[in-house]
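In: below are the sequence and a predicted model for it; my questions follow.
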Amino acid sequence: MKKIFFLLLIIANSVVAQNTEELFKSANELYKNEQLAEAVELYKKIENQGLVSSELFYNLGNAYYKLNKVGPSIYYYEKALLLNPLNEDVQNNLVFAKRLALDNIEELPKTVFQKININILQKLSYNQWAIVAIVFSFLGGIFFLFFYFASTPSKKRFYFITSSLSFIFLIFSFFITYNQYTFAKNNKVAIIFAEKTEIRNAPTLNSEEVFTLHEGTKVVVLDAIDDWKKIKIADGKLGWIIADEVKDLN
């Protein structure tokens, strides 16, 4: 019975994969033919099935960009980068999309560590850093076995050094993985979807308006109460926004 169930599960997954591939190809054809709204509909159908990828989000970003929808285009380019931070095509297109955004917010000065984190460490996601840690763990184990069975002092010295370096890099990569994971969970980034929205000093409609934001601006979500979210923008300003006017990236 278990074998039959397992076989049916494999068949079902295979059918779903084929259907998804067909949908993706159809969406790409619609995109090439400038039927952008129809292409978006098919891409979204794949997304709603939970079968996401950097390529899917990249194509969605491109389609929304051509439809002049700034918020969704930036949102999906950012989503694509979360899955593949090294994708240069996404990075380049995101630069063009951000030029359409109206808000020009000057960022707060960053510390040396923050610059290293953004320019180097965040080039890989925490999942990719976890893979790096696993690779160094594997190499450390292999080189240690070579060291243990080596017959000459020179080989033992070489394998001992390479094994030790692998384990040192394993510790560093594990530490980076943990920090990137913690950073991602504690910094819930979102994109403004409303064409224009007033940010208030409290989660009520009759509270004071402190500043205005426009579609496509990236914010950090700090808190949520009822239908409101507390946000922080790049220059350090804080305020409350209606939850439906902003969409979380992670």
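Out: Yes, it's here.

In: OK, contacts around the most centrally placed residue in the chain?
Out: Nearest to the mean C-alpha position of the chain, by Cα atoms, centre = their mean, lies residue 82 at 1.5 Å. Counting by Cβ atoms under 8 Å, 6 or more residues apart in numbering, residue 82 makes contact with 125, 249, 250. All C-beta spots, glycine's among them, are computed from the backbone N, C-alpha and C.

In: A helix includes it, no?
Out: Yes: the assignment for residue 82 is a helix, going by DSSP: H, G, I helix; E, B strand; the rest coil.

In: so what sits opposite the closest residue to residue 238 other than its chain neighbours in the bridge?
Out: Nearest non-adjacent residue to residue 238, counting by Cβ to Cβ, 6 or more residues apart in numbering: residue 232, 5.4 Å away. Residues in a beta bridge with residue 232, per DSSP bridges, are residue 220, residue 238.

In: residue 232: neighbour count?
Out: As a burial measure, residue 232 scores 15 neighbours (other Cβ atoms under 10 Å).

In: so it sits right up against residue 223, yeah?
Out: No: using Cβ atoms under 8 Å, residue 232 is not in contact with residue 223, being 10.0 Å away.

In: contacting residues around stretch 164-181?
Out: Residues outside stretch 164-181 that contact it (Cβ under 8 Å, 6+ apart): 121-122, 124-126, 129-130, 132-133, 136-137, 139-140, 143.

In: pull the most distant pair out of these.
Out: Spanning the widest gap among those are 122 and 143, at 29.3 Å by Cβ to Cβ.

In: so how far is residue 208 from the residue nearest to residue 87 when sequence neighbours are not counted?
Out: Spatial nearest neighbour of residue 87, chain neighbours left out: residue 54 (5.9 Å); criterion: Cβ to Cβ, 6+ apart. For residue 54, the distance to residue 208 equals 41 Å [Cβ to Cβ, to the nearest Å].

In: what do you get for residue 174?
Out: Distance, residue 174 to residue 208, by Cβ to Cβ: 46 Å.
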